[in-house]
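Visitor: prediction below, plus the sequence it came from.
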Amino acid sequence: MSIRVLFFASLADVTGIREADDVGSIWRAFVSQFPSLAGYETAMLSAVNAEFAGPETPVHDGDEVAFLPPVSGG
């Protein structure tokens with residue numbers, strides 16, 4: 001399965017990755033590699049193919065998955 005994964009803002013800062021391919025259990029795989037991501041789990045948003053998605057949303061070959069941390073503006 002080939003999945004395009006995008007990390008934005010502080011999530012990209014934590015991982016040093018802005019996008020990655022060929023992931024299985026996407027979030028858990030990255031949390032196991034980057035434990036400091038675990039604190040974002042309850043506040044972040046995720047999207048599949050530019051549509052907001054929950055953790056139960058299935059992914060398919062060729063999908064794009066993005067993780068977005070909480071942001072604030074002023």
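Guide: Good, I have the coordinates.

Visitor: what helix or strand does Val5 sit in?
Guide: strand 4-7 (DSSP states H and E).

Visitor: ugh, typo on my part, it should be Thr42
Guide: Going by DSSP H and E, Thr42 is not in any helix or strand.

Visitor: and it, its phi and psi?
Guide: Torsion angles at Thr42 (phi, psi; degrees, to the nearest 10) stand at phi -80, psi -10.

Visitor: what do you get for Glu64?
Guide: Main-chain dihedrals, Glu64, degrees, to the nearest 10: phi -110, psi 120.

Visitor: Glu51 is in contact with that one, correct?
Guide: No: applying C-beta atoms under 8 Å as the test, Glu64 and Glu51 come out as separate, 10.1 Å apart. Glycine gets a C-beta too; all of them are placed from N, C-alpha and C.

Visitor: neighbour count: those two, which is higher?
Guide: Glu64 (14 against 7; other C-beta atoms under 10 Å).

Visitor: check what pLDDT the residue nearest to Pro70 when sequence neighbours are not counted gets.
Guide: Distance criterion C-beta to C-beta, 6 or more residues apart in numbering; nearest residue to Pro70, sequence neighbours excluded, is Ala43 at 4.6 Å. Note for Ala43: predicted pLDDT of 84.

Visitor: relative to Ala53, how far out is Ala43?
Guide: 16 Å (C-beta to C-beta, to the nearest Å).

Visitor: more crowded one of the two?
Guide: Ala53 (17 against 9).
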